[in-house]
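Undergrad: no sequence on this one, just coordinates:
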């Protein structure tokens, strides 16, 4: 977990800016971003690339670049605005020539909460893969799930199903899953046998 709220201007009143990256070794990564403030904000989540993202479904985007590709599944916030745009990045080549700028136009997938709020939580799933025809046969599917005081995703891959749940109150209650954790991950075989369980209890 990386926490960087103190890097932002004090007037933003940001109290939490934490990113969790969870790798259950099933060929994808879960990204959980916690954003909390004493003030209401529109929070913006971005991913940059050299190629435009392609929207496959409402919650599924794909970035193709040469022989590589990335599936991006956007789960939370549930009420959000999503757009695909360009981001201009300028950098000074050397302090001796401040007018000598290098400009790069990055392709950007952007997700924002559509109603200003003090706290917003982003859950996204990344699946790196080959960009060649036929590799989509190994694509995962991601379903948004909600419980009492928790949100999460159910990820179905070729061999396993993973349930990932997060609670900012450390109160996870979903079906038969109960835990006083920040987040919990449960990986099951197709037959339903639990093969891996991880929980994170820290702040």
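TA: Noted; the coordinates are in hand. The model shown is predicted, which means the values in this text are computed figures rather than measured ones.

Undergrad: Phi and psi next, for the residue positioned nearest the centre of the chain.
TA: Residue closest to the mean C-alpha point of the chain, counted by C-alpha atoms, centre = their mean, is residue 124 at 2.6 Å. Note on residue 124: its backbone torsions stand at phi -130, psi 150 [degrees, to the nearest 10].

Undergrad: same deal with residue 93?
TA: phi -70, psi -40.

Undergrad: Can you give me every residue that contacts it?
TA: Listed by C-beta atoms under 8 Å, 6 or more residues apart in numbering, the contact set of residue 93 reads 100-102. Quick note: C-beta positions are derived from backbone N, CA and C, even for glycine.

Undergrad: Those residues in helices, which ones?
TA: Residues of the contacts of residue 93 located in helices (DSSP state H): none.

Undergrad: Is it possible to get a markdown table of the residues you listed that adds neighbour count and pLDDT?
TA: Output for those, formatted as a markdown table (neighbours: other C-beta atoms under 10 Å; pLDDT from 0 to 100):
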| residue | neighbour count | pLDDT |
| --- | --- | --- |
| 100 | 11 | 85 |
| 101 | 10 | 85 |
| 102 | 9 | 86 |
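
Undergrad: about what we covered before: would you mind measuring from the residue nearest to the centre of the chain to residue 13?
TA: Counting by C-beta to C-beta, to the nearest Å, the gap from residue 124 to residue 13 is 25 Å.

Undergrad: Which element is encountered next along the chain beyond the one helix or strand residue 147 maps to?
TA: According to DSSP states H and E, residue 147 maps onto strand 141-147. Downstream of strand 141-147, the first helix or strand assigned by DSSP H and E is strand 150-156.

Undergrad: Just the residues contacting that next one, thanks.
TA: Residues contacting strand 150-156 (C-beta under 8 Å, 6+ apart): 26, 28, 30, 73, 75-76, 78, 121, 123, 125, 140-146, 161-167, 171-174, 183.

Undergrad: Could you spell out the sheet neighbours of it, each with its direction?
TA: Sheet pairing of strand 150-156 (DSSP bridges) gives strand 141-147 (antiparallel), strand 160-166 (antiparallel).

Undergrad: how about those strands in JSON lines, adding mean neighbour count?
TA: Shown next, in JSON lines, are those (neighbours: other C-beta atoms under 10 Å):
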{"stretch": "strand 141-147", "mean neighbour count": "16"}
{"stretch": "strand 160-166", "mean neighbour count": "22"}
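
Undergrad: Residue 6 is nearest to which of the ones you listed?
TA: Of all the strands paired with strand 150-156, strand 160-166 sits nearest to residue 6, with 22.5 Å by C-beta to C-beta.

Undergrad: quick one: average pLDDT of that closest one?
TA: Averaged over strand 160-166, pLDDT sits at 97.

Undergrad: Run through the bridge partners of residue 83.
TA: With DSSP bridges as the rule, residue 83 is bridged to residue 110.

Undergrad: In what element of secondary structure is the residue nearest to residue 131 when sequence neighbours are not counted found?
TA: Nearest residue to residue 131, sequence neighbours excluded (C-beta to C-beta, 6 or more residues apart in numbering): residue 69, at 3.8 Å. Using DSSP H and E, residue 69 maps to strand 68-76.

Undergrad: what sits up against that strand?
TA: So strand 68-76 is in contact with 28, 47, 49, 53, 59-63, 80, 82, 109, 111, 121-131, 135, 139-140, 142, 144, 151-153, going by C-beta under 8 Å, 6+ apart.
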